[in-house]
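Trainee: Predicted coordinates and the sequence they were generated for:
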Amino acid sequence: MVLNALFFLATLGVATALRPNGTSICDYYTPIITGKDNSPASQYECMLKITHTFILGNYTTPNVGIKVQGVAGPASYEGHEVNILPYFTGGYYSTNDGGDTGVVKNFLDDGGATALLANMPANGTNSNQ
């Protein structure tokens with residue numbers, strides 16, 4: 001996870017250098033990532049893909065051959081097994097809503113990864129997701 005953030009920061013300068021001056025990041029990368037003309041709908045799709053890749057890891061194309069682990073999957077970090085998914089699925093009293101004890105909240109309550117894999121924020125409109 002830390003490596004993903006470091007990679008992002010390291011490539012930010014390169015990505016900026018590739019983009020023509022006066023062209024926003026979304027205007028430049030949306031057609032590349034989505035394969036569609038630049039529009040509000042394709043920019044929304046681009047942001048979904050970026051966000052969902054951060055959560056799930058590589059799940060769609062284009063995939064440039066760089067493995068993205070995603071924060072929702074179990075991983076190993078410096079020899080320790082790490083799994084933060086229970087913080088998002090209501091496995092722990094992890095929100096600040098409960099004072100000293102926290103509150104259990106399922107942020108992936110309406111479709112979870114299945115909805116994200118379909119590039120949807122959730123299956124419905126009354127979701128924490």
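Mentor: Now that the structure is in, tell me what you want to look at. If you're wondering where the values come from, they're calculated on a predicted model, not measured in any experiment.
Trainee: switch to C-alpha atoms for all contacts and neighbour counts from now on
Mentor: Noted.
Trainee: Name the SS class of residue 29, please.
Mentor: Using DSSP: H, G, I helix; E, B strand; the rest coil, the structure places residue 29 in helix.
Trainee: Now for it, how many residues are close by?
Mentor: 17 (other CA atoms under 10 Å).
Trainee: now residue 33
Mentor: Residue 33 sits with 19 neighbouring residues when counted by other CA under 10 Å.
Trainee: How about residue 67?
Mentor: 10.
Trainee: Can you tell me the element it falls in?
Mentor: Using DSSP states H and E, residue 67 falls within no helix or strand.
Trainee: need the contact list for it.
Mentor: 57-58 (CA atoms under 8 Å, 6 or more residues apart in numbering).
Trainee: how far does stretch 31-38 sit from the chain's center?
Mentor: Centroid separation between stretch 31-38 and its chain, computed with CA atoms, centre = their mean, to the nearest Å, is 18 Å.
Trainee: and what of stretch 66-84?
Mentor: With CA atoms, centre = their mean, you get 14 Å for stretch 66-84.
Trainee: That stretch: which residues count as buried?
Mentor: 68-72 (16 or more other CA atoms under 10 Å).
Trainee: Could you identify the most distant pair in those?
Mentor: 68 and 72 (11.3 Å; CA to CA).
Trainee: what's the most far-flung residue of the chain relative to its centre sitting at in phi/psi?
Mentor: Most distant residue from the mean C-alpha position of the chain: residue 100, 29.3 Å away (CA atoms, centre = their mean). Backbone geometry at residue 100, expressed as degrees, to the nearest 10, gives phi -70, psi -20.
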